[in-house]
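**Q** got a predicted model here, sequence first, then my questions.
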Amino acid sequence: MSRMRSTVPLALLGVAAIALAGCSSSTSPAATAEPAAGALEPATITLYTSEPQEKADELVAAFNEIHPEITVEVFRAGTGDLTTRVATERESGGIQADVFLAADAGTFEGYAAEGLLLEYTPADVEALNADVVDAEGFYTGTRIIPTVIAYNTGIITEAPESWQELTDAAYADQIVMPNPDVSGAAAYNAAVWLDDEQLGEEWMTALAENRPVIADSNGPVSQAVATGAQPVGIVVDYLVRELAEQGSPIAVSYPSEGVPYVSQPVGIFADTEQAEAAQAFVDFLVSEEGQKLAVEQSYLPVRSDVGTPEGAPSMDEITILSPDLETIRSTQDAAVETFRSLFLR
C-alpha cells in the first residue's frame, strides 16, 4: 500500500468560521446522524494515548456526558512507549487498543501503510482544518501543538527569537529538551529539523555542543524551565501557557525560522470489535464540544469556530514548518539515531 503524498502549509485558523450546515458525508456512517442523538449499544473501548492523564480523564468524562453507555478504558504512556507496546502486541496476537490518540501524523502514516487503521471520516469533517485530516481517511488531527522555545522570565531578560540563537555559547548548559526515544513530538521534531535547510545537522551539532539536559518528555522540560533549573527549554507551547497561568515565571518564544507542530491525530485500529463506539469517540474529539474542551485544556484547536486559548497567538502570527510527511516518516528513525549520537553520548 503506497501512501506517498506531500503536505501543504497549514492553513490559517484565523479565518471565518466554517458553516456547519450540510457537512455530513455520504461515505461516513456517523456523518448521517448527529453524534449526540441517541444512545449506542453498551460497549467498552480501550484508548491508547500520550495525553496527560488528567486531560485524558477530562476527555472521557466529557464524552460520557454524551455517551454514558460507552466505557472508555485508558492506557496512558509516552508515544515511544505506546508504539513499542503496539508493536509487541502485534507480534503476540493482536493490538489490544481500539483507538490511538498520540503523537504526529507520521506515526499514523506508517500504521495506515501497514493496514493497521480503519478507514473512517469523522462527522463534521468539513468544519475541520483540512491540513490535519488524512486525505485517505485513516486518521484526523485533534489539536495543533507547536514546539517552541520556553524561557524563565526571572532569569532570561531577552528571549531567544530563533533556533539559531540557541547555539550561542551564552546558552551552554542552560537548555533542556525532551528525549525523542520517549516523546513522539520530539522524534518528529528531530526529523523536521534535520530536513529543514535553515537548520539541518549542522544546527543540531552546534546545539549539542551547548550540552542541553535531555529530559524524558515535555512535562519535565516545562517544569525545569518554570523552576529555573534550566532557564531555557525546547517544549510544546501549551505546557508553557498552563504554567504561566498558574503564576510560574515562564514565557514562550516562537522561533523566526518556524516551528514544527504535531496534530495529535486520532485513529481507529482496523481489528477493533467496537467500531461504532470507537467512531463515536473520534466524532466527539473533533466536534464543537470536543474542540471547546481542547481550547479549555490550552490547545490550539483544529476548527475555527471554538476560539483559541487565552494568551495564544493566532495561527497567522506563527511561521509553521510543514515538511513532506512521507519524507519525515521515512527519515524519523535515522533522525532519532542522529539525535542520540549528538545529545546522548
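**A** It's in.
**Q** contacts, neighbours, all on C-alpha from now
**A** OK.
**Q** now do the helices in the stretch 101-250 of the chain.
**A** 105-113, 184-195, 200-208, 218-227, 237-245 (DSSP state H, counting those that start in this stretch).
**Q** lowest-confidence stretch among those helices?
**A** Among those, helix 105-113 carries the lowest mean pLDDT, at a mean of 90.
**Q** just to revisit the earlier point, which of the helices of the stretch 101-250 of the chain sits closest to Phe281?
**A** Nearest to Phe281, of all those, is helix 105-113, at 17.5 Å by CA to CA.
**Q** is it correct that Gly290 falls within a helix?
**A** Yes: judged by DSSP: H, G, I helix; E, B strand; the rest coil, Gly290 forms part of a helix.
**Q** which of the three states applies to the residue lying closest to it once chain neighbours are set aside?
**A** Leaving aside its chain neighbours, Gly290 sits nearest to Phe284 (5.4 Å; criterion: CA to CA, 6 or more residues apart in numbering). Assigned by three-state DSSP, the conformation of Phe284 is helix.
**Q** from Asp196, how far off is Phe284?
**A** Phe284 sits 35 Å away from Asp196, going by CA to CA, to the nearest Å.
**Q** which one of these two has more residues nearby?
**A** Phe284 (23 against 15; other CA atoms under 10 Å).
**Q** can you redo the helices of the stretch 101-250 of the chain as TSV with distance to Asp134?
**A** Shown next, in TSV, are those (distance: least, CA to CA, whole Å):
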stretch	distance to Asp134
helix 105-113	9
helix 184-195	17
helix 200-208	27
helix 218-227	26
helix 237-245	24
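**Q** mean neighbour count, those helices: which tops it?
**A** Comparing these by mean neighbour count (mean count of other CA atoms under 10 Å), helix 184-195 comes out on top with a mean of 26.
**Q** how many neighbours does the nearest residue to Ser287 once chain neighbours are set aside have?
**A** Nearest non-adjacent residue to Ser287, counting by CA to CA, 6+ apart: Asp124, 6.9 Å away. Each residue near Asp124 was counted by other CA under 10 Å, and the total is 21.
**Q** for the residue nearest to the spatial centre of the chain, what are its contacts?
**A** With distances taken as CA atoms, centre = their mean, Gln264 lies nearest the centre of the chain, 3.0 Å away. Applying CA atoms under 8 Å, 6 or more residues apart in numbering to Gln264 gives the contacts 101-105, 141-145.
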